[in-house]
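Trainee: Sequence isn't available, so here's the structure alone:
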Ligand code: FES
C-alpha cells in the first residue's frame, strides 16, 4: 500500500486527517447514564474541562466513535463550544471519526518495526481483509490502521488489538491473528490484560472497569508484563553493580518566568577547584555539559545531562576509561568509534 498524498495511508503518515466526522442514525443512544458517568469523570478533576479526554473515550465506548452527538454532550457538560471539543477529538488518532469494528487492529509501520517486517505485515493483512487504513471489514469484525510507533520497539515488529500487544509478529502470525478475531476468538496477547473489544477498552480508558466482575478485573491486572527485552538493561546494570544516580532532594534550580535566574558562572571568574557536573568545568566540553545541566527543566533531564557530563564520577566497578573505550566487534576485537558498554554487551 502506498502512502499517496490524500490517500488514507497518506493521511495517517502525515497525521493531517481532514476527513469529516460521519453521521449515523442507527447508533446506540447516549443516555442519562452516559451523562451521569460524564459528571462522575468531571468530579475527578479540580478543573472540569480536564475531564475531556476520558469523556471522549466514554462516548466512544457507547457509540464506537466520537459522533457529533458525543461531541455535543461533552461540550454541553463542560461549557465548551462544539468547535473546541471537536478540535480535541480530531487531534488525537485514538478518537475515531466513523464507527469502529469490534476490534481495532493496529500495525506499527514506524521505522524499527517497518525494517523488521511491519510494512510487509500491514500490506498482507490489508490485502487479506480487503481494507485500507482506517477502514472496517464488511463483517464489522476489524478496523485496520497502521500506527506510528506503538511504544514497544524492543518487541518489533508489533501489532496491537484494542491496544493489547502481540509482539514480534511476522506475516503468518498476523494473518492467523486477524483470522481468529474474525472467527470471534480472542487470542491471548503476548503481554498485558486479556483481550476484550474496542468498546470495552474505550470504557477502560474512560476510567471505568470494563470487566463484569472482580475476578475478571484482577486477571487483567495479573497479566504478564515486562519481558526479556524490556528487562535486559536492568539485568546488565545488576551484573555490573550499576545503579541509577540518586534524585535531587528538592526541585532543580531553574529560572522561573518573572524571577531572577539562578546564579551561573560569569566569564572571567575563576572556575571552582573541583569540577562537579552542573557546577562549572574547565574544558569547552565540560562547559557545554555544564550548560546542559543548568538548562535542564526537570529532575529527569538534569539526571540525564549529569550522566553525560565528562566530570561525572564513575559508578562502582567501572573504570573511567571504559566509557570512552572503543567497542569490540562480535569477536571481541576493538572497533573504531565510540559506544557505551551496554551496547557492547547487548
Ligand atoms: S517502531 Fe514499532 S513499536 Fe516503536
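Mentor: Okay, I see it. Owing to the predicted nature of the structure, the values given are computational and were not obtained by experimental measurement.

Trainee: I'd like to know how far the residue nearest to the spatial centre of the chain sits from residue 160.
Mentor: Nearest residue to the geometric centre of the chain (Cα atoms, centre = their mean): residue 151, 4.6 Å. Distance, residue 151 to residue 160, using Cβ to Cβ, to the nearest Å: 10 Å. To be clear about C-beta, it is placed using only N, CA and C from the backbone, and glycine gets the same treatment.

Trainee: what about the closest residue to the ligand within the stretch 151-300 of the chain, neighbour count?
Mentor: Using Cβ to the nearest ligand atom, the single residue of the stretch 151-300 of the chain nearest to the ligand is residue 153, 3.5 Å away. Applying other Cβ atoms under 10 Å, we find 16 residues neighbouring residue 153.

Trainee: Contact partners for it?
Mentor: By Cβ atoms under 8 Å, 6 or more residues apart in numbering, residue 153 lies in contact with 112, 113.

Trainee: What residues does this structure have near the ligand?
Mentor: 108, 110, 111, 112, 113, 149, 150, 152, 153, 156, 158 (Cβ under 6 Å from any ligand atom).

Trainee: Remind me which helix or strand the fifth one belongs to.
Mentor: With the criterion set as DSSP states H and E, the secondary-structure element containing residue 113 is helix 111-115.

Trainee: In that helix, which residues are buried?
Mentor: 112, 113, 114 (16 or more other Cβ atoms under 10 Å).

Trainee: Now do the contacts for the nearest residue to residue 58 once chain neighbours are set aside.
Mentor: In this structure, residue 58 finds its nearest non-sequential neighbour in residue 206, 3.8 Å apart by Cβ to Cβ, 6 or more residues apart in numbering. Residue 206 makes contacts with 37, 41, 54, 55, 57, 58, 61, as judged by Cβ under 8 Å, 6+ apart.

Trainee: if you set the cut-off to 6 Å instead, what comes out?
Mentor: 54, 57, 58 (Cβ atoms under 6 Å, 6 or more residues apart in numbering).

Trainee: Sort out for me which of the residues you listed are in helices.
Mentor: Under the assignment DSSP state H, these contribute 54, 57, 58 to helices.

Trainee: between these, which is nearest residue 293?
Mentor: residue 54 (37.1 Å; Cβ to Cβ).

Trainee: Please read off the pLDDT at the closest residue in space to the closest one that isn't next to it in sequence from the model.
Mentor: The shortest distance from residue 54 to any non-neighbouring residue, by Cβ to Cβ, 6+ apart, is to residue 206 (4.6 Å). At residue 206, the pLDDT value in this model is 98.
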